[in-house]
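Colleague: Okay, structure incoming, though there's no sequence with it:
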């Protein structure tokens, strides 16, 4: 009998020792450590994070058959394609009562009518970030995408400018600079945008999806085409380093791209129960505000406003006024033909 009891204990031990785990596939540094700790305590589980640096990287992983994720955080214009590919499952809204905390303008978008598959998480605005001391010395206007694309302006900034290593973002900026919509899909206009990029490229230091935050903070780069939250972090870095300059945001008068990131649940999620619990948790005011307070991201959550630092809430580059908001555009999903053309154009841009 004792041998049988011992055998049963040994058999049960691995089951008892196994932890509940939520697998989160997210952008790097896109959730505050204290938020993770709070959720782990609440759910008596562990959060295992893996990271990607671009939506295309996320799609490539899923297309290759990657499994094991519970929650992912793509940008909204990728959600329809992910749903069509069968990579995500519908959200059970009865398990997400905190959905009521999201501002109406971020719900029921063209990307996901009725929020069947996604729940808003945070947003960024792609704009100009700059070293206020250097730009003032040079007398460069930063209220236009011309600061990124006009060779006459760039002559003063040669080797001190970086642009995002993102075909969709850079083409959108070039299209707006030329007076077109960020969502203009006319191949002739895309060719014009490509030529504008190629004329400016010799003056740029690099294409950078990451790393430009540190370069701005150090004073090595003076002007960037970047994300609002990254520019905010670069300014924090400059202040911490006791630099004589500040890093500031500039909203181009031609308009800018707003990228709304959203939480989705993988089709084959190992723990859809924990996934729904996590999404609802992230919609609580304090938990949602943690990210904005950490990195300066825009926030679509009404309840979060009570907990966001006043100095961040007052920044128009992060929380734009009504007039500015009208100039913001969310990028639309490209069809297969458009994606092929974009890929060819990007290859040509990088090769020259």
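Modeller: Arrived safely. Note that the coordinates shown come from a computational prediction; the quantities given were computed from them, not determined experimentally.
Colleague: alpha carbons only for contacts and neighbour counts from here, please
Modeller: Will do.
Colleague: Can you say which helix or strand has residue 346 in it?
Modeller: Using DSSP states H and E, residue 346 sits within helix 336-351.
Colleague: can you give me the helices for the stretch 251-352 of the chain?
Modeller: 272-282, 285-295, 310-313, 322-325, 336-351 (DSSP state H, counting those that start in this stretch).
Colleague: Reformat those as a markdown table; add mean neighbour count and mean pLDDT.
Modeller: Formatted as a markdown table, the helices of the stretch 251-352 of the chain follow (neighbours: other CA atoms under 10 Å; pLDDT from 0 to 100):
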| stretch | mean neighbour count | mean pLDDT |
| --- | --- | --- |
| helix 272-282 | 21 | 98 |
| helix 285-295 | 22 | 96 |
| helix 310-313 | 14 | 94 |
| helix 322-325 | 12 | 88 |
| helix 336-351 | 13 | 95 |
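Colleague: Could you point out which of those helices sits nearest residue 218?
Modeller: The closest of the helices of the stretch 251-352 of the chain to residue 218 is helix 285-295. By CA to CA, the value is 18.0 Å.
Colleague: quick one, the helix or strand hosting residue 26 and helix 272-282 angle?
Modeller: Using DSSP H and E, residue 26 maps to strand 21-27. Put simply, strand 21-27 runs at 60 degrees to helix 272-282, going by axes from the mean of the first three to the mean of the last three CA atoms, to 10 degrees.
Colleague: hmm, back to that, for residue 83, find the nearest of the helices of the stretch 251-352 of the chain.
Modeller: That would be, of the helices of the stretch 251-352 of the chain and by CA to CA, helix 336-351, which comes in at 15.3 Å.
Colleague: returning to that earlier point: okay, the helices of the stretch 251-352 of the chain in JSON lines with distance to residue 249 next?
Modeller: Formatted as JSON lines, the helices of the stretch 251-352 of the chain follow (distance: least, CA to CA, whole Å):
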{"stretch": "helix 272-282", "distance to residue 249": "27"}
{"stretch": "helix 285-295", "distance to residue 249": "14"}
{"stretch": "helix 310-313", "distance to residue 249": "13"}
{"stretch": "helix 322-325", "distance to residue 249": "13"}
{"stretch": "helix 336-351", "distance to residue 249": "27"}
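Colleague: So for residue 225, which of the ones you listed sits nearest?
Modeller: With distances scored as CA to CA, the stretch of the helices of the stretch 251-352 of the chain nearest to residue 225 is helix 336-351 (16.5 Å).
Colleague: Check what contacts that closest one and list those residues.
Modeller: With contact meaning CA atoms under 8 Å, 6 or more residues apart in numbering, helix 336-351 is reached by 167-168, 185, 194, 197-198.
Colleague: Restrict these to the buried ones and give me that as a ChimeraX selection.
Modeller: In ChimeraX, a selection of the buried entries from the contacts of helix 336-351 looks like this (16 or more other CA atoms under 10 Å):
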select :168,194,197,198
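Colleague: returning to that earlier point: name the surrounding residues that touch the strand holding residue 26.
Modeller: Against strand 21-27 from outside (CA under 8 Å, 6+ apart): 45-54, 68-74, 271, 274-275.
Colleague: re earlier: of the helices of the stretch 251-352 of the chain, which approaches residue 156 most closely?
Modeller: Using CA to CA, the helices of the stretch 251-352 of the chain put helix 336-351 closest to residue 156, at 22.6 Å.
Colleague: just how off-centre is the closest one within its chain?
Modeller: Taking CA atoms, centre = their mean, to the nearest Å, the mean C-alpha location of helix 336-351 is offset from the chain mean by 22 Å.
Colleague: Could you do stretch 124-142 as well?
Modeller: Centre-to-centre, stretch 124-142 and its host chain are 22 Å apart (CA atoms, centre = their mean).
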